[in-house]
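S.K.: what's the 3D shape of this:
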Amino acid sequence: MGLILLQIGGSLIKLVYFSREVHSTEPGGRLNFQNFETDRIDDCVEFMKHLRDKQLTLNGSEPGQLCVMATGGGAYKFYDKIRDALGVDVLREDEMECLMIGKADPNYSIHRLSITAG
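M.R.: Got it, this is the predicted structure:
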């Protein structure tokens with residue numbers, strides 16, 4: 001399963017995605033961070049399409065196995081653009097609620113992805 005997390009603000013998009021080593025059979029992987037200026041949303045969407053296509057090639061995943069979660073005003077403003085480009089639903093989450101959950105419990109799970117602080 002692919003996972004892309006976005007925080008889309010007025011001037012900056014913060015994107016986090018999960019990746020694994022190509023031939024790894026071990027559980028776990030790496031969180032990767034990327035920033036885009038919000039007025040370059042099209043570049044961000046192209047990057048996400050590249051991530052989706054790479055996920056399909058490396059893991060044989062189905063397009064519907066990509067999970068995209070977004071917070072911020074841009075999660076609503078660019079919902080249609082992202083959904084249509086990637087062919088997946090975009091889960092829009094409340095920014096403050098996500099912040100408080102992460103602050104209260106740094107060891108939590110997002111859609112079968114366990115994130116452990118340490």
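
S.K.: which stretches of this structure form helices?
M.R.: 41-59, 74-77, 79-86, 95-104 (DSSP state H).

S.K.: Could you point out which of those helices sits nearest Pro27?
M.R.: When those are compared for distance to Pro27 using Cβ to Cβ, the nearest one is helix 41-59, at 13.8 Å. Just so you know, the C-beta spots here come from the backbone N, C-alpha and C atoms, and that holds for glycine as well.

S.K.: by contact count, what packs against the closest one?
M.R.: strand 2-8, strand 12-19, strand 30-37, strand 66-71, helix 79-86 (3 or more Cβ pairs under 8 Å, 6 or more residues apart in numbering; DSSP states H and E).

S.K.: Pipe these into CSV and attach mean neighbour count and mean pLDDT per row.
M.R.: As requested, those are exported to CSV (neighbours: other Cβ atoms under 10 Å; pLDDT from 0 to 100):
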stretch, mean neighbour count, mean pLDDT
strand 2-8, 23, 90
strand 12-19, 18, 91
strand 30-37, 12, 93
strand 66-71, 21, 90
helix 79-86, 15, 96
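
S.K.: Many thanks, I have nothing further to ask.
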